[in-house]
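> output the structure for:
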Amino acid sequence: MPSLFEFDNENHGWRTQSEKRCLAKGLVRANAYVQPLSPINGNGVCGIGQPFLVNASLEGDVWLDPGATLDCAMTAALEQWLAEAVQPAAYRHFGVPVIGAKVLGSYSCRTRNGKKGAKVSEHAFGNAIDIASFMLAGGRWVAVNSGWRGASAERAFWREIHSAACKRFFTVLSPDADSFHRDHLHLDLARHNRDGSYRYCK
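This next block holds a predicted model:
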């Protein structure tokens, strides 16, 4: 076991059940943009039973740079958020769709914020993604670090999709959360309480 991690007695059985449900329902299907990978086993500390490499979402309409390694549920939730929240918000505030996203983090066997002794991050299970910016059709970039408190259209865009993310994901962290998230949105599907009903949004 990597010395960076302290043993975590928390029961993570819900992850396996979530993955099985997602796969059984066919919520994610392999295609030219979403490719299944071999299982990842991080020395028993982290990993993904059935990881996917997501190079683009929405059937190729929104590319990811770099491609994100995610579990089934996170892959499905990301696509739903892009389709139901991000694209409508882009049209509403900029008049064009999003065509790309800059990814700062997906699967990574590490603790939260990389701190020694902290709990294992949801990134360690492919259950999280960090989005730094979106490219709009026409080539314009809208970024968290400049837009969160930037021009009115960008502020409105980021807050609209942040609010929508809080209804789709169980943890959403923005620049308002802390200095670790000053330049991206962190989205994950962590279970914070026994029945998985609690959401943390900041």
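> tell me where this structure has strands.
Taking DSSP state E, the strands of the chain run over residues 34-36, 40-42, 46-48, 52-57, 62-70, 98-105, 128-136, 141-143, 171-173, 185-188, 200-201.
> rank those strands by pLDDT, which is bottom?
Among the strands of the chain, strand 40-42 has the lowest mean pLDDT, at a mean of 85.
> name every strand pairing with that strand and say which way it goes.
strand 46-48 (antiparallel) (DSSP bridges).
> what stretches of the chain score poorly on pLDDT?
Residue ranges of the chain with pLDDT under 70: 1-12, 113-115, 117-118.
> centroid residue for it?
residue 129 (2.6 Å; CA atoms, centre = their mean).
> list the contacts of residue 92.
residue 160 (CB atoms under 8 Å, 6 or more residues apart in numbering). In short, each C-beta sits where N, CA and C put it, glycine included.
> for residue 189, see how far away it is.
26 Å (CB to CB, to the nearest Å).
> biggest helix in the protein by residues?
Longest helix in the chain, counting residues (DSSP state H): helix 152-168.
> contacts for it?
77, 80-81, 84-86, 89-90, 92-94, 142, 144, 146-149, 172, 174, 185, 187, 199, 201.
> buried residues in it?
154, 157-158, 160-162, 164-166, 168 (16 or more other CB atoms under 10 Å).
> can you get me a residue count around residue 79?
18 (other CB atoms under 10 Å).
> what's across from the residue nearest to it when sequence neighbours are not counted in the sheet?
Sequence neighbours aside, residue 57 is the residue nearest to residue 79 in space, at 4.9 Å (criterion: CB to CB, 6 or more residues apart in numbering). Beta bridges link residue 57 to residue 62, judged by DSSP bridges.
> my read: residue 57 touches residue 33, true?
Yes: the criterion here is CB atoms under 8 Å, and residue 57 meets it with residue 33 at 7.2 Å.
> OK, contacts around the residue nearest to residue 79?
So residue 57 contacts 33-34, 64, 78-79, 82 (CB under 8 Å, 6+ apart).
> and of the residues you listed, the nearest to residue 25?
residue 79 (13.6 Å; CB to CB).
> would you mind measuring from that closest one to residue 60?
Taken as CB to CB, the span from residue 79 to residue 60 is 12 Å.
> ok, the closest residue to residue 56 other than its chain neighbours - how many residues close by?
Closest residue to residue 56 apart from its sequence neighbours, by CB to CB, 6+ apart: residue 33 at 3.8 Å. Residue neighbour count, defined by other CB under 10 Å, stands at 19 for residue 33.
> make 56 the starting number, not 1.
Renumbered: residue one is now 56, and that last one reads residue 88.
> can the buried residues of helix 207-223 go into JSON lines with extra columns for distance to residue 177?
Compiled in JSON lines, the buried residues of helix 207-223 are given as follows (distance: CB to CB, whole Å):
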{"residue": "209", "distance to residue 177": "27"}
{"residue": "212", "distance to residue 177": "25"}
{"residue": "213", "distance to residue 177": "21"}
{"residue": "215", "distance to residue 177": "24"}
{"residue": "216", "distance to residue 177": "19"}
{"residue": "217", "distance to residue 177": "18"}
{"residue": "219", "distance to residue 177": "19"}
{"residue": "220", "distance to residue 177": "14"}
{"residue": "221", "distance to residue 177": "16"}
{"residue": "223", "distance to residue 177": "15"}
